[in-house]
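Undergrad: sequence first, predicted coordinates after that:
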Amino acid sequence: MTDASGDTALAAQGRETPLYLPAESGFHDALINILESCKNQLMLQLLTHPNCIRSLWRWNKPLCEELDLWGWNSLHYAVKLGLEDVVSEILAWKKSLVYLPAGSENDWKTAIHIAASEGDVNMINELLNHCPDCWDTLNSNNQNALHVAVLHNKDKVVRFLLDSDRCDSLVDEPDSDDNTPLHFLAASGNRLPELINHPRAKKMSFNKQNQTPLDIALSCTTTKKKKFYDLAGICLCLSTLAVVIAFATGMFSTLSHSLGLAITFSSIGCLSILLYFITFTIGCYLYSKENVTEI
């Protein structure tokens, strides 16, 4: 197996691997023993040498169906690494692999969820080209690709899915906790007008905690305001303390005619002014956000 330059394809980026050595030396039996001794050598080589998968998968296609210790097969890793040509070849051979779960019995996802979490629009497009009906597959939490994209703040994937008419139903689909993608968007504090203003986005749908996306957005806003108020209070206390210290130091330096104390007094005074300025800035910010109630 050689590439365009005539080199053995199992040598990835000039580095010799356990597979490369017997292949280059012509020790076919040794190569077969290495492959057969691993449950899925294809996936192990994929993680460090993407070029190897192209040769190994052609050598023994059924390898891509086997799972590793974490419940992932070769297609899952190829999707995660963004190897579009490999994914295309694997799905051309067996489309059903796109629906197989990756992970454990209670925590799993499919190929399109992996692509969504990676923010790989091209990979999602590749999956949909081969398997147009995989767009609505769910993970172990009954979450679709749009849920996952919003959770991972992958705005490009969200926009890509929303631009497709066939993905409209993903917008208001609840997961196992009755959270829609809009619930997750509200919790993230992110603002995506394409999702917020989507015709199927239900701003008043309730999850199992009896919260609407609007409730979550307001709760997050309140939490952020509380943190800013706490920070402002700390800055105010520190600035007040700095003023007291500066005043005492200034009085002492005046009475003792100490240059060092005078410098210290000036430094603490500047610090107190800075802290007051920070407190004032935080107060202005909170005031400007006081009436924000929309998602």
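TA: Structure's in. What do you need? Numbering: from 1, shown residues only.
Undergrad: and residue 137, how many neighbours?
TA: Per other Cβ atoms under 10 Å, the neighbour tally for residue 137 reads 18. Every residue, glycine included, has its C-beta placed from N, CA and C.
Undergrad: then residue 104?
TA: What residue 104 shows, counting by other Cβ under 10 Å, is a neighbour count of 10.
Undergrad: what sits against the nearest residue to it once chain neighbours are set aside?
TA: Leaving aside its sequence neighbours, residue 104 sits nearest to residue 71 (Cβ to Cβ, 6 or more residues apart in numbering; 5.7 Å). Residue 71 is in contact with 101, 102, 103, 104, 108, counting by Cβ atoms under 8 Å, 6 or more residues apart in numbering.
Undergrad: could I get the phi/psi values of residue 71?
TA: Here is the backbone geometry of residue 71 (degrees, to the nearest 10): phi 80, psi 20.
Undergrad: over to residue 70?
TA: phi -100, psi 10.
Undergrad: ok, now residue 210?
TA: Main-chain torsions, residue 210, degrees, to the nearest 10: phi 60, psi 40.
Undergrad: switch to numbering from 813
TA: Will do, 813 is the new start, and the previous item becomes residue 1022.
Undergrad: roughly how far does it sit from residue 911?
TA: 34 Å (Cβ to Cβ, to the nearest Å).
Undergrad: how about residue 994?
TA: 26 Å.
Undergrad: please apply the same query to residue 952.
TA: 14 Å.
Undergrad: got the contact list for residue 967?
TA: Residue 967 sits next to 1002, 1004 when contact means Cβ under 8 Å, 6+ apart.
Undergrad: per-residue confidence at it?
TA: Note on residue 967: pLDDT of 95.
Undergrad: just to revisit the earlier point, who's more crowded, residue 1022 and residue 911?
TA: A direct count of neighbours by other Cβ under 10 Å for residue 1022 and residue 911 places residue 911 higher, at 13 against 8.
Undergrad: that one contacts residue 922, doesn't it?
TA: Yes - between residue 911 and residue 922 there is a contact under Cβ atoms under 8 Å: 6.2 Å.
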